[in-house]
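> Can you look at this prediction? I've put the sequence above it.
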Amino acid sequence: MLIGRAGVPAEGRSRGLSDGTGDIERAVTDLSLRLPSRLAGLARLACNYRWSWMPGGPALFAHLDGRRWDACGENPVRMLQEVSPAVLEHAAHDDGYVARVAAATRDLHSYVSAPARTEPLTPEHPVAFFCSEFGVHRSLPVYSGGLGVLAGDILKEASDQ
């Protein structure tokens, strides 16, 4: 018998392994509390690295405060935590910017809601293996060596296929 936390048998626990969805949702909720309602979608975008290779994704965050964006190492979560409320309020009144945030949020939702591919494995559609060494973005620290950055570029390209 496996014994879990607090001496409770693992199979008797109400919560087992988690896919992390709850953690992500809590992070999105916490971050969105700091944002004007018209910009709430930025929290969800910031918590999914797809922003880093979606067309116009990085520009959504850099638009708010380019200097802070650079100072935060292009980390959108950190930036949204540090940018001044006045800057956020100003951006919330920019209808063009709000429309771009809404479009990017819809695009992300469509992407994560799409069913997983179910095509059979063929020479034209082989299975691929990815690892955490990939250099997805400089704001995601990975402590390893090798060809991680090159592999990250390949990962981004694969997501666009």
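Perfect, thanks for sending it.
> any idea of the mean pLDDT in the longest helix along the chain?
As assigned by DSSP state H, the longest helix anywhere in the chain is helix 95-113. In this model, helix 95-113 has an average pLDDT of 95.
> Show me what that helix is packed against.
helix 41-46, helix 57-62, helix 85-92 (3 or more Cβ pairs under 8 Å, 6 or more residues apart in numbering; DSSP states H and E). To be clear about C-beta, it is placed using only N, CA and C from the backbone, and glycine gets the same treatment.
> Could you check the angle the longest one makes with helix 95-113?
Angle, helix 85-92 to helix 95-113, by axes from the mean of the first three to the mean of the last three Cα atoms, to 10 degrees: 90 degrees.
> Helix 85-92 - contacts with which helices or strands?
Secondary elements touching helix 85-92 (3+ Cβ pairs under 8 Å, 6+ apart): helix 95-113.
> ok, and for the helix it packs on, which residues are buried?
97-98, 100-101, 104-105, 107-108 (16 or more other Cβ atoms under 10 Å).
> Residues touching that helix, excluding its own?
38-39, 41-42, 44-45, 48, 50-51, 54, 56-57, 60, 63, 91-92 (Cβ atoms under 8 Å, 6 or more residues apart in numbering).
> what's the most distant pair in these?
Arg50 and Ala92 (22.9 Å; Cβ to Cβ).
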